[in-house]
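Asks: Below are the sequence and a predicted model for it; my questions follow.
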Amino acid sequence: MKLKHIIILLIAVSIFSCKKDDEGEVHDPAAQAIIDDEILVEFLQTHYLNSDNEILLITEGETPLYEEVETDNITFDDVNYKMYRYMGDEGIGVNPSSSDSIQVLYKGYLINQIKFDENKSYTTSNSWFHLPSLIVGWRFGFPHYKSGERVSYPDESFGYENTGQGILFIPSGLAYGETGTYSIPPNWPIYFKIELGAVVVADADNDWVVNSDEDLDNDQIVNNDDTDGDSVPNYLDIDDDGDGVLTKNEDANGDGDPRNDDSDGDGIPDYLDKGTK
């Protein structure tokens, strides 16, 4: 399949998706994941990364990106996806969890290489992101990179050096899916060039249990952990077990960590045990 076939396939996918919506048919994310992977693989096999970090069409036997990326097999909502990751620089700081807050520079592209978004400065407000509220591809991609070290400049601005840098190639099911956005068509794979400046270990509800420790099923998705079934995930719920006692007030031994308090010895920490107050 040549590059022109990728564009034809993408157009066909968009038309087919619109047709399905018009006819009221059900979107099939598993089938779309297969289509997306074919598009991503073809793109990676026919393009290379030059010394200026530009992705270009192979013309003279350059090393294809496909030989330089790592493959992440991700299951989300019972669908198996493949996401591809180029590791430019690992970084020297800390790896975020999939539920932390990060400060980043990025450029986002459709798979046809049209840029749809960009953040070029760490000093802007939109350089900070809370991973649980972002696309799944970012949540699974960024933990492979490390933050950099902050440096201050004479004009009182700042930046980061020795940052984690790379490219995330993301199927539509881990991005903007069948709905798309105003700048991203439905069911289009995308990619981001990224640079990770800083990481903040997040405790979104300030309950003394950090977000990553509220991922009880260890699937790297905190949005689906809801102990008391009140439709508020634990990482946003100040009373995780719904017993009327705030999670941070179930720290019986006073060490600042509610996770190690189990008053009735049943193996369930008090803050997750409705029968213990």
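Replies: Good, I have the coordinates. Numbering: from 1, shown residues only.

Asks: for residue 229, phi and psi?
Replies: With angles defined as degrees, to the nearest 10, residue 229 sits at phi 60, psi 30.

Asks: do residue 271 as well
Replies: Backbone torsions of residue 271, given as degrees, to the nearest 10, read phi -70, psi -10.

Asks: Look up how far residue 231 lies from it.
Replies: Distance, residue 271 to residue 231, by C-beta to C-beta, to the nearest Å: 18 Å. All C-beta atoms are positioned from the backbone trio N, CA, C, and that covers glycine.

Asks: more neighbours, those two?
Replies: In terms of neighbours (other C-beta atoms under 10 Å), residue 271 is the more surrounded of residue 271 and residue 231; the figures are 28 against 7.

Asks: Correct me if wrong: the more buried one contacts residue 262.
Replies: No. Taking C-beta atoms under 8 Å as the definition, residue 271 is not a contact partner of residue 262, at 9.8 Å.

Asks: Let me see the ranges of the helices in the chain.
Replies: Remark: helices assigned in the chain by DSSP state H are 3-23, 29-46, 136-141.

Asks: Pull the shortest one out as PDB, backbone CA atoms only.
Replies: Output in PDB follows, covering the C-alpha atoms of helix 136-141 (Å, rounded to 0.1, in the frame of the first residue of the first chain):
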ATOM      1  CA  VAL A 136      -6.300   7.600  26.700                       C
ATOM      2  CA  GLY A 137      -3.300   7.700  24.400                       C
ATOM      3  CA  TRP A 138      -1.600  10.400  26.500                       C
ATOM      4  CA  ARG A 139      -2.400   8.500  29.700                       C
ATOM      5  CA  PHE A 140      -0.700   5.400  28.500                       C
ATOM      6  CA  GLY A 141       2.100   7.200  26.500                       C
END
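
Asks: which residues touch that helix?
Replies: The contact list for helix 136-141 (C-beta atoms under 8 Å, 6 or more residues apart in numbering) reads 72, 74, 76, 83, 85, 98-99, 129, 131-132, 168, 170-171, 173-175, 192, 194, 220-221.

Asks: now do stretch 208-219
Replies: Contacts to stretch 208-219, defined as C-beta under 8 Å, 6+ apart, come from residues 97-100, 132, 201-204, 221-222, 224-225, 227, 233-235, 240, 247-248, 251, 256-259, 271-272.

Asks: Start and end of it, how far apart?
Replies: With C-alpha to C-alpha, to the nearest Å as the measure, stretch 208-219 spans 21 Å from end to end.

Asks: Just the buried residues of that stretch, please?
Replies: By 16 or more other C-beta atoms under 10 Å, the buried positions in stretch 208-219 come out as 208, 209, 210, 211, 212, 213, 214, 215.

Asks: Dump those to TSV, plus distance to residue 184 and pLDDT.
Replies: Compiled in TSV, the buried residues of stretch 208-219 are given as follows (distance: C-beta to C-beta, whole Å; pLDDT from 0 to 100):
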residue	distance to residue 184	pLDDT
208	38	96
209	35	95
210	32	96
211	27	97
212	29	96
213	33	95
214	30	96
215	28	95
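
Asks: Take these and write them to TSV, including distance to residue 63.
Replies: Converted to TSV, the buried residues of stretch 208-219 look like this (distance: C-beta to C-beta, whole Å):
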residue	distance to residue 63
208	49
209	45
210	41
211	38
212	36
213	41
214	42
215	37
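
Asks: of all those, which comes closest to residue 49?
Replies: Residue 49 has its nearest neighbour among these in residue 212, at 31.6 Å by C-beta to C-beta.

Asks: mind showing which ranges of the chain have poor pLDDT?
Replies: Where the chain drops to pLDDT under 70, the residues are 1-24.

Asks: at 50 instead, please
Replies: Along the chain, segments meeting pLDDT under 50 span 1, 8, 11-12, 15-16, 18-20.

Asks: in it, which spans are strands?
Replies: With DSSP state E as the criterion, the chain has strands at 47-49, 55-57, 70-76, 79-89, 101-110, 115-119, 128-130, 149-152, 158-161, 164-170, 190-200.

Asks: contact partners of the first one?
Replies: Just to be clear, that refers to strand 47-49. So strand 47-49 is contacted by 55, 56, 57, 58, 62, 63, 64, 65, 68, 86, 167 (C-beta under 8 Å, 6+ apart).

Asks: Fine by me, we can end here.
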